[in-house]
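Chemist: Here is the input, now give the coordinates:
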Amino acid sequence: GRSFGQRPNDGSEGVGARSPHKLPYRRIHPSPPEAAKKGPPSMTTKIFLVRHAEAEGNLFRVAHGQYDSTVTPQGYRQLACLRERFREERIDAVYGSDLTRTRTTASALYVPRNLPFRPLPLLREIRLGAWEQMSWGDIQRMDPQMYIDFNKRPDLWRVRGAETFSQVRGTAEIRWEDYA
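Modeler: Numbers count the residues shown, from 1 in each chain. Take a look at the predicted model:
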């Protein structure tokens with residue numbers, strides 16, 4: 001699921017590096033730097049995007065788009081790293097999809113701060129339709145071209161009962177100002 005925390009911008013910038021022990025994160029600064037040059041400083045929002053910790057679908061190589069899987073033991077070790085990484089960060093709100101793997105991951109951010117978790121179903125991963133709960137190996141053997149399209153040409157990918165990448169992009173383009 002897609003999960004993140006928000007906080008006022010302290011002026012720092014950067015993109016988190018991936019490592020086998022830490023979850024990837026990305027800082028997004030919605031206000032352009034030139035805004036700081038005009039008049040009094042304004043408050044901006046810093047958004048951290050955090051991918052869920054390792055879940056059953058990742059471990060067993062099973063397609064879990066909107067299937068509600070749980071975090072694995074390795075995922076819980078990743079949560080400890082996530083909690084430590086954000087220990088000194090000011091976070092005012094935590095949003096994420098309503099799926100268990102995302103709520104569990106987000107708990108590393110909202111529980112230590114005694115914040116509520118704000119579930120947004122529109123942040124769920126792509127609905128994989130007929131592919132849900134199938135192994136990626138079976139998908140590759142059953143429908144090799146759609147498997148290639150999913151990974152290399154998402155604009156061409158179509159599976160019965162699934163969302164298209166274009167539909168997912170539409171739900172992801174929400175007005176974050178409404179949540180800041």
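Chemist: Which strands or helices does whichever strand or helix holds residue 139 pack on?
Modeler: Using DSSP states H and E, residue 139 maps to helix 136-142. Applying 3 or more C-beta pairs under 8 Å, 6 or more residues apart in numbering; DSSP states H and E, one finds that helix 136-142 contacts helix 144-152. Every C-beta, even on glycine, is put in place using the N, C-alpha and C of the backbone.
Chemist: After the helix it packs on, which helix or strand is next?
Modeler: Once helix 144-152 ends, the next helix or strand along the chain (criterion: DSSP H and E) is helix 165-172.
Chemist: by how many degrees do that next one and helix 144-152 diverge?
Modeler: With axes from the mean of the first three to the mean of the last three C-alpha atoms, to 10 degrees defining the directions, helix 165-172 sits at 30 degrees from helix 144-152.
Chemist: Show me the contact partners of helix 165-172.
Modeler: 2, 122, 123, 126, 154, 155, 157 (C-beta atoms under 8 Å, 6 or more residues apart in numbering).
Chemist: and if you look at stretch 147-156?
Modeler: 136, 139, 140, 157, 165, 166.
Chemist: Check the separation of the first and last residues in that stretch.
Modeler: 11 Å (C-alpha to C-alpha, to the nearest Å).
Chemist: Can you list the buried residues in it?
Modeler: 147, 149, 150 (16 or more other C-beta atoms under 10 Å).
Chemist: do stretch 111-122 as well
Modeler: 117, 119, 120.
Chemist: what's the closest of those to residue 77?
Modeler: Lowest distance from residue 77 to the buried residues of stretch 111-122 (C-beta to C-beta) belongs to residue 117, with 21.0 Å.
Chemist: What is the neighbour count of residue 162?
Modeler: Residues within reach of residue 162, counting by other C-beta atoms under 10 Å, total 22.
Chemist: I should have written residue 108 there, sorry.
Modeler: 25.
Chemist: what about it, helix or strand, and which?
Modeler: Under DSSP H and E, the secondary-structure element containing residue 108 is helix 100-110.
Chemist: Restricted to strands, list the buried residues of stretch 111-122.
Modeler: 117, 119 (DSSP state E).
Chemist: need the buried residues of stretch 111-122 in TSV with distance to residue 58 and pLDDT, can you?
Modeler: Listed next are those as TSV, based on distance: C-beta to C-beta, whole Å; pLDDT from 0 to 100:
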residue	distance to residue 58	pLDDT
117	22	97
119	21	95
120	22	91
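Chemist: Next up, the contacts around the nearest residue to residue 143 once chain neighbours are set aside.
Modeler: In space, and not counting its chain neighbours, residue 143 is closest to residue 159: 7.8 Å by C-beta to C-beta, 6 or more residues apart in numbering. By C-beta under 8 Å, 6+ apart, residue 159 lies in contact with 128, 129, 130, 131, 143, 146.
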